[in-house]
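S.K.: Sequence and predicted structure, then a few things I'm wondering about:
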Amino acid sequence: MIQDADILIAGGGLNGPALALALAQTGFSVAVVDARPAPARAEVGFDGRAYALALASKRLLSVLGLWQGVAAYSQPILRIVTTDGTTATGPSPFFLAFDHAEIEEGPMGFMLEDRFLYAAFLSAMEAEPRIRLISGASVEAQEVTATGVTVTLSTGARLTGRLLVGCDGRQSGTATRAGIRRTGWGYGQTALVTAIDHERPHGGTAWQYFLPSGPLAILPLPGNRSSIVWSESDANAAAIQALPDADYLDALRPRFGDFLGGIALAGKRFTYPLSLSLAHSFVAPRVALVGDAAHGVHPIAGQGLNLGLRDVAALAEVLTLARRRGEDIGSPLVLQRYQQWRRFDSTLLAMGMDTVNRLFSNDNPVLRAGRDLGIGIVNAMPGLRRGFIRQAAGLSGDLPKLLQGKPI
C-alpha cells in the first residue's frame, strides 16, 4: 500500500495539531483532517474558550516550539482557592488554598485563550513540511487492512496511512466506525461561559466556588479580566442565558461576590452542556483515540485539555520508540502500550471529577459538614496540600518526556 502519510489524524481542534507537531518532530509524516476552516478560530475576539494549562502542558508546548509565541498572551496561575459556598451564605469559612510557592517549579499553570493557542498551532503546522493540513473536510469512512488504514473524506478524496488517530471529540466518528462503545451520562448542568472585566487585580488567583447548582470557576486572564465557567441546572442556565446583559450580570453578582470590585462583561456569552463520556477502549485495529474522543470530562478542575495533551505526549512517545525499534506502529502490541499508559489514569481522574461534582452540587447539610471538614483537614496538612498542587500542575504520575520538557 502506498501511504499518503505515516499517520492520519481526524480532528483539528488542539490535540490533533499538538500530536501532529510532536510526531513530525520525530520524523513521521502526518495528515490532519479538520472539518472547520482553518483561519476561523484564529480571529480576534474572546470566543468563550480559555484553558487552564498545567505546568506540564506548558512544558510540552515549549518543546514543540510554541510557547515563546503565546507566552505574552498568557496569565500565570499563582494561587488556587477552593471553597464550599452557597448563594444564600456566600463563601464558606472553610477553604482550600494552593500557592505556587509551595513547589519549586514555578506557576502551577497558565491561562490562555483558544484563539492565541490555535493560531500558534496553525502557524507551526503550516511551517512544518511533514504535516499536511486538510481543512473544511471530515472523515466519513475508514477501512483497516493488515498493513494500513484508508479513510474517505467528505470531499470524496481518499487517504492512506499506517495508523488513524481519532481527535474528533466526544461524538467521535473514528471510535464509532472502529466499533468502540462508550459509557457516559449528562449532568443536567450547562456551563455559562464568558469573560469579565473587574475593578481590582486578581493577583493570578483562580477561584472555584462549589455552589448547590454546580461549580463556579473564576479564572484569571491578563489584566483585570477573568474567564468564568458557571455551571447551573439546564433550566436555570437557559433562563439566565436568555437575559439581557445587565440582568445576566445581576444574576452573576451574588455568586461572584465583590472581592474584585465592580464587574462588567468583556466578551460574548456562551453555553455548553456538561456530560461525561468514556470510551471502553482507547485503541482498535490501527486506530487510537486521544482527548475527548477517549474521555470527555466535567470541566470542574479545568483538566480536559491537559488530559488530552497527556495522551498526545504518551502516544507520540510510544509510536516514536516503536518505530526506532523497527516495529509496525499500528500493531496491537504497540497500541496496547499507549492504552496501558493512559487509560487507567484518565478514567480515574474522570470518575474523580464526576464524584466531586456530585458530592458538592447540592446543599445537603450532612454532606456540607463532611465536605467542609475534609477541606479544612487538607488545608491544614502541608504535605498533602503539596501533593494536590503537584497534581494540579500535572507533575504527578508516570510523565512522558514531552511533559517533562524533554524531546522524545
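M.R.: Structure's in. What do you need?

S.K.: and stretch 76-90, average pLDDT?
M.R.: Taken as a whole, stretch 76-90 has an average pLDDT of 72.

S.K.: again, but for stretch 22-32
M.R.: Per-residue pLDDT values across stretch 22-32 average out to 97.

S.K.: how far out from the middle of the chain is it?
M.R.: Remark: stretch 22-32 is offset 22 Å from the chain centroid, using CA atoms, centre = their mean, to the nearest Å.

S.K.: And for stretch 210-219?
M.R.: Distance of stretch 210-219 from its chain centroid, counting by CA atoms, centre = their mean, is 18 Å.

S.K.: Next, count neighbours for T83.
M.R.: As a burial measure, T83 scores 18 neighbours (other CB atoms under 10 Å). Placement of C-beta: from N, CA and C, glycine included.

S.K.: what secondary structure does it sit in?
M.R.: strand (DSSP: H, G, I helix; E, B strand; the rest coil).

S.K.: mind checking which helix or strand of the protein has the lowest mean pLDDT?
M.R.: Every helix and strand of the chain was ranked by mean pLDDT, DSSP states H and E. The lowest is helix 365-379, at a mean of 55.

S.K.: got the phi/psi numbers for the residue most central in space within the chain?
M.R.: Centroid-nearest residue in the chain: L305, 1.6 Å away (criterion: CA atoms, centre = their mean). Dihedral pair for L305: phi -70, psi -40, per degrees, to the nearest 10.

S.K.: just checking, it touches Y51?
M.R.: Yes. With contact defined as CB atoms under 8 Å, L305 counts as touching Y51 (4.8 Å).

S.K.: those helices in this protein, which residues are they?
M.R.: For the chain, the helices defined by DSSP state H occupy 15-25, 55-63, 67-70, 114-127, 173-177, 234-241, 245-256, 304-324, 332-360, 365-379, 382-392.

S.K.: Check the ones you listed for me and report the most buried one.
M.R.: With neighbours taken as mean count of other CB atoms under 10 Å, the helices of the chain reach their highest mean count in helix 15-25, at a mean of 27.

S.K.: quick revisit: and H100, which of the helices of the chain is closest to it?
M.R.: helix 382-392 (7.5 Å; CB to CB).

S.K.: I'd like the average pLDDT over that closest one.
M.R.: 60.

S.K.: what about the closest residue to R253 other than its chain neighbours, how many neighbours?
M.R.: Excluding its sequence neighbours, the residue lying closest to R253 (CB to CB, 6 or more residues apart in numbering) is I263, at 6.9 Å. I263: 20 surrounding residues under other CB under 10 Å.

S.K.: what about the residue lying closest to I240 once chain neighbours are set aside, distance to H198?
M.R.: Excluding the flanking residues, the one nearest I240 by CB to CB, 6+ apart is A251, at 5.2 Å. To H198, A251 is 16 Å away according to CB to CB, to the nearest Å.

S.K.: can you check R79 too?
M.R.: Per CB to CB, R79 is found 16 Å from H198.

S.K.: before we move on, what about R323?
M.R.: 50 Å.
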